[in-house]
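1. Provided below for reference: sequence and predicted model.
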Amino acid sequence: MKVLLLSDVYKQGVAGEVVEVADGYARNYLIPKKLAAKATPNELKKAENLRATAAARKAELDGRLNELARQIDGVELVFGRRAANTGKLFGSVTTTDIAEALQAKTGIDINRRRISQQALREIGTFFIPVRLGTESSPTLKIVVVREDELADYLAGLTEAPPVVQAEAQSATPEEAPVEAEAEAAAEASGE
């Protein structure tokens, strides 16, 4: 039996697709659960209308996401945290902290999972991208300063900490000595 899928069905297809399935599967499962409808000419016309409205909704959503990206691009968020003399934080600045600070500053609520970064664990200035699924990826400027220097930084009395590049985590701590030995051996052999 040919059916028009009204929603995505595992191993069958996506919504709006016409597929051939077993008669019993269509009558006993897909149609009663409103996952599909029998592929009649009338249903196919409805499906075309559904596709058109879905495309219009997607275009509207993309427009809203692009506007949102323009609003949050370049926003500076400042965090004051306790830190050791080496610059390592006693704790971290998490994506939840960043999302809450962004909402407090701009009124825009972003899901923390869209913020492309693991927790920040040292003092510095970080440029963090936000994934919105648009053609542009807005970047937030995150400044982490010592707790006791926060008021001075906000008043403009101290300058921003240096920009910290996100380190590539290609090597685990156990592999680092092995890589160093390999590099030393390559240098010794003249390569």
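-> Okay, I see it.
2. Put the alpha carbons of the longest strand seen in the chain into CSV.
-> Using DSSP state E, we find that the single longest strand of the chain is strand 139-146. The C-alpha trace of strand 139-146 is given here as CSV (Å, rounded to 0.1, in the frame of the first residue of the first chain):
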residue,chain,number,x,y,z
THR,A,139,31.2,35.2,18.5
LEU,A,140,31.0,36.3,22.1
LYS,A,141,34.0,38.0,23.8
ILE,A,142,34.4,36.4,27.2
VAL,A,143,36.8,38.1,29.7
VAL,A,144,37.8,36.3,32.8
VAL,A,145,39.5,38.4,35.5
ARG,A,146,40.4,37.8,39.1
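3. And it, how far out from the chain middle?
-> 18 Å (Cα atoms, centre = their mean, to the nearest Å).
4. name the helices or strands packed onto that strand?
-> Helices and strands in packing contact with strand 139-146 are listed as strand 76-81, strand 88-93, helix 95-106, strand 120-122, strand 124-129; criterion 3 or more Cβ pairs under 8 Å, 6 or more residues apart in numbering; DSSP states H and E. (Glycine included, C-beta is placed from N, CA and C.)
5. Just checking: what are the partner strands of that strand?
-> For strand 139-146, the paired strands and their directions (DSSP bridges) read strand 76-81 (parallel), strand 124-129 (antiparallel).
6. Can you list the neighbours in contact with that strand?
-> Contacts made with strand 139-146 from outside it, assessed by Cβ atoms under 8 Å, 6 or more residues apart in numbering, are listed as 72-83, 89, 93, 98, 102, 115, 120, 122-130, 153, 158, 160-161.
7. now do stretch 106-115
-> With contact meaning Cβ under 8 Å, 6+ apart, stretch 106-115 is reached by 68, 71-72, 75, 94-96, 98-99, 102-103, 128, 130-132, 140.
8. Could you pick out the one among the residues you listed with the lowest pLDDT?
-> Ranked by pLDDT, those bottom out at L132, which has 82.
9. and that one, which of the three is it?
-> Put simply, L132 is coil when judged by DSSP: H, G, I helix; E, B strand; the rest coil.
10. Would you agree it is in contact with S116?
-> No - in this structure, L132 is not within contact of S116 by Cβ atoms under 8 Å, at 10.4 Å.
11. More neighbours: which of the two?
-> L132 (19 against 14; other Cβ atoms under 10 Å).
12. Quick check: closest non-adjacent residue to that one.
-> Here the nearest residue to L132 in space, its sequence neighbours aside, is L65; by Cβ to Cβ, 6 or more residues apart in numbering that works out to 4.9 Å.
13. In ChimeraX, how would I select the buried members of the contacts of stretch 106-115?
-> Per 16 or more other Cβ atoms under 10 Å, the buried members of these correspond to this ChimeraX selection:
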select :68,72,75,95,98,99,102,128,130,132,140
